[in-house]
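[1] Below are the sequence and a predicted model; questions follow.
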Amino acid sequence: MPFFIPSRIADNLTVTLVLIVGLLACRMIAEAIVARRSDPVALRRHKFKIRALCNVVLAIGLLVIWLSEIQDMMLSLTAVLVAVVV
């Protein structure tokens, strides 16, 4: 019985899940290390920086992983729009 998800998509999903789990683990470890500080203002600032950095890495990682699929989708959307205009 064939699998209903193409292998390229399944590979992208696997890499995406690994990226998300890895970033979550890194974020938790970094926040635990930073939580040892006693200054609450510095603690908030460092936690915000950690979260922002993780979000940027996640966004760039997802863009790199899914770029080929996004390009295919945009090409298909462009073809449909041209067909509607014509």
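    In hand now; what should we look at? Residues are numbered from 1 along each chain as shown.
[2] Show the average pLDDT along the longest helix anywhere in the chain.
    The residue-count maximum for a helix in the chain (DSSP state H) belongs to helix 40-85. In this model, helix 40-85 has a mean pLDDT of 94.
[3] So which elements touch that helix?
    Applying 3 or more C-beta pairs under 8 Å, 6 or more residues apart in numbering; DSSP states H and E, one finds that helix 40-85 contacts helix 7-34. Placement of C-beta: from N, CA and C, glycine included.
[4] Run the angle between the helix it packs on and helix 40-85 for me.
    Helix 7-34 runs at 160 degrees relative to helix 40-85, counting by axes from the mean of the first three to the mean of the last three C-alpha atoms, to 10 degrees.
[5] Spell out the secondary structure type for F4.
    Of the three states, F4 takes coil under DSSP: H, G, I helix; E, B strand; the rest coil.
[6] Find me the pLDDT at it, would you?
    With respect to pLDDT, F4 scores 81.
[7] Now do the phi/psi pair for it.
    phi -80, psi -10 (degrees, to the nearest 10).
[8] ok, so what distance separates it from I65?
    Distance, F4 to I65, by C-beta to C-beta, to the nearest Å: 21 Å.
[9] More neighbours: which of those two?
    A side-by-side neighbour count of F4 and I65, using other C-beta atoms under 10 Å, places I65 first with 18 against 6.
[10] The more buried one is in contact with T16, isn't it?
    Yes - the pair I65 and T16 passes the contact test of C-beta atoms under 8 Å, sitting 5.8 Å apart.
[11] Please name the nearest non-neighbouring residue to L23.
    Nearest non-adjacent residue to L23, counting by C-beta to C-beta, 6 or more residues apart in numbering: C54, 5.1 Å away.
[12] residues touching that neighbour, list them.
    The contact partners of C54, taken as C-beta atoms under 8 Å, 6 or more residues apart in numbering, are 23, 26-27.
[13] and S38, which of the three is it?
    coil.
[14] Roughly how far does it sit from R27?
    Note on S38: its distance to R27, by C-beta to C-beta, is 21 Å.
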